[in-house]
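Undergrad: Kindly generate the corresponding structure for this input.
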Amino acid sequence: MIGSRLRAGMRRVVPLAARKRMAILLNRLPGVPDRYWWTMELLRDYAAADPNGFHRFLWSHHLAYAESYDVASRFGSDRIHPTRVMLFEDLDRYLRAEGLDPARDIRSVFEVGSSLGYLLRHLELGLLAGADRLFGVDIDAEAIASGSAYLAGVGSRVHLEVADMAGLDAVARDEHFDLVLCAGVLMYLKPADAQPVVDWMVRHTKRVLVIAGLAHPDRDNRELTESAVRERDGTFIHNLDAMVAAAGGRVRWRRWEGARMVDGNTIYFLFVEPAERVG
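TA: From the prediction side, this is the model:
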C-alpha cells in the first residue's frame, strides 16, 4: 500500500474533481482489489470538509459501502439485518398497542432511503401485507434500477423512484402516508440538513413515523445538545428526539440501547405520531 504521506500528498496535488472521477473508474473496473479502501483514501479530505457532499457522492454513484446493496444479498427474510427485524417486531407491538391491525389499517407506506426496496418488500410479504401503496425513494440510481427490475419480476406492489432527501416534495408532493419509514439514513446528513427531512416526514405522516438512527454509546441520544460524529466513517449521531419535537411530532415509544452492537449496528428506534393526525 502507498504510504500515508504519499497519499496525503496526492490529495493535495490532484484536484478533488479528478479524484472523484478516479474513484468512479476504480469501482467500475472488474477485479480491482481494495476498492472500498481506495475510494476512502482518495476522498478522505472531502469527507472531512463536506460530509454531506461526500456521502451523497458515494450513494449517488453506488460506491464504497453503497456497493454492498445488491439484489442477491439483500432480498429475502433471512437476509434482513437483525436490527431491522427488531425494529419491525417493535412496530408490530406498537401498532397493536395503538389498537391498529398492521395488515388491515396500514394501507400506505413511504420509505426515505429505500435503496433496492428490500425492506418494503419484506413488509409487503409480512407485517404490512394489506398495504396497497408502498413507495420508496433513494439517491442511488443503480440500486433503484436493479431493485425495481427485481420487484417487477416477482409481481411486487413496491414502487421506487430516484430522489434526494432534500427534494422529497418533488416525488411525494401532497401525499400523506399511514406509515413513513426512515432507517439508517439521517446519519449521513449534518443536523441542519437532517432537520428539514424530519420536518417533511412528520408533515406527511398519518399514523406513525418510524426512525432508526445511530445510538450514542455513552449517553442517551435525547440528552445530546449537539450531534456527535462517528469517527470511523464521519456519520452523525443525532438527537432525533429533539428533531422530532422541533418538527411538531410526538415520540410515543422509543428504544435506545447505547453501546450494544447487533451485527455492527446500534439500536436507537423512535415511533412518532404527528401533532395532528391527517385523515
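Undergrad: tell me which element Val85 falls in.
TA: Applying DSSP states H and E as the criterion places Val85 in helix 82-97.
Undergrad: Pull out the buried positions in that helix.
TA: Buried positions in helix 82-97, judged by neighbour count with 16 or more other CB atoms under 10 Å: Thr83, Arg84, Met86, Leu87, Phe88, Asp90, Leu91, Tyr94, Leu95. C-beta here means a position set from N, CA and C on the backbone, and glycine is covered the same way.
Undergrad: Please produce CSV containing the residues you listed, extended by pLDDT and distance to Gly258.
TA: Listed next are those as CSV, based on pLDDT from 0 to 100; distance: CB to CB, whole Å:
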residue, pLDDT, distance to Gly258
Thr83, 98, 14
Arg84, 98, 19
Met86, 98, 15
Leu87, 98, 17
Phe88, 98, 21
Asp90, 98, 17
Leu91, 98, 21
Tyr94, 98, 21
Leu95, 98, 26
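Undergrad: Spatially, which two of these are the most separated?
TA: Farthest-apart pair in those is Thr83 and Leu95; separation 18.7 Å (CB to CB).
Undergrad: Which parts of this protein belong to which domain?
TA: Listed by automatic domain parsing, the domain ranges of the chain are 4-49, 71-274.
Undergrad: Just name the most buried of the ones you listed.
TA: Of all these, domain 71-274 carries the top mean neighbour count, a mean of 18, counting by mean count of other CB atoms under 10 Å.
Undergrad: Would you work out how far apart the start and end of that domain are?
TA: One end of domain 71-274 to the other measures 34 Å (CA to CA, to the nearest Å).
Undergrad: One more: stretch 70-88?
TA: Using CA to CA, the end-to-end distance of stretch 70-88 comes out at 22 Å.
Undergrad: just the strands in the stretch 51-200 of the chain please.
TA: Under the criterion DSSP state E, counting those that start in this stretch, strands of the stretch 51-200 of the chain are mapped to 108-112, 133-138, 158-162, 177-183.
Undergrad: what about those, which gets the closest to Arg28?
TA: Closest of these to Arg28 is strand 158-162, at 19.0 Å (criterion: CB to CB).
Undergrad: That closest one vs strand 108-112, what angle?
TA: Angle, strand 158-162 to strand 108-112, by axes from the mean of the first three to the mean of the last three CA atoms, to 10 degrees: 30 degrees.
Undergrad: what is the rounded mean pLDDT of stretch 201-211?
TA: Average pLDDT, stretch 201-211: 98.
Undergrad: Show me the contact partners of that stretch.
TA: Here stretch 201-211 makes contact (CB atoms under 8 Å, 6 or more residues apart in numbering) with 87, 91, 94-95, 98, 100, 105-106, 108, 110, 112, 168, 172, 175-183, 186, 198, 240, 244, 247-249, 252, 269-275, 277-279.
Undergrad: Residue nearest the middle of this structure, spatially speaking?
TA: Val185 (2.5 Å; CA atoms, centre = their mean).
Undergrad: which ones are touching the closest residue to that residue other than its chain neighbours?
TA: Excluding the flanking residues, the one nearest Val185 by CB to CB, 6 or more residues apart in numbering is Gly113, at 3.4 Å. Going by CB under 8 Å, 6+ apart, Gly113 touches Val137, Asp138, Met165, Cys182, Ala183, Gly184, Val185.
Undergrad: 10 Å - rerun?
TA: Residues counted as contacts of Gly113 (CB atoms under 10 Å, 6 or more residues apart in numbering) are 59, 119, 136-140, 163, 165, 181-188, 197.
Undergrad: can you check Asp178 too?
TA: Applying CB under 10 Å, 6+ apart to Asp178 gives the contacts 95, 100, 102, 105-110, 128, 131, 133, 205-208, 278-279.
Undergrad: Tell me the spacing between it and Asp90.
TA: 17 Å (CB to CB, to the nearest Å).
Undergrad: What does the residue nearest to Val185 show for phi and psi?
TA: For Gly113, the backbone dihedrals (degrees, to the nearest 10) come out as phi 80, psi 50.
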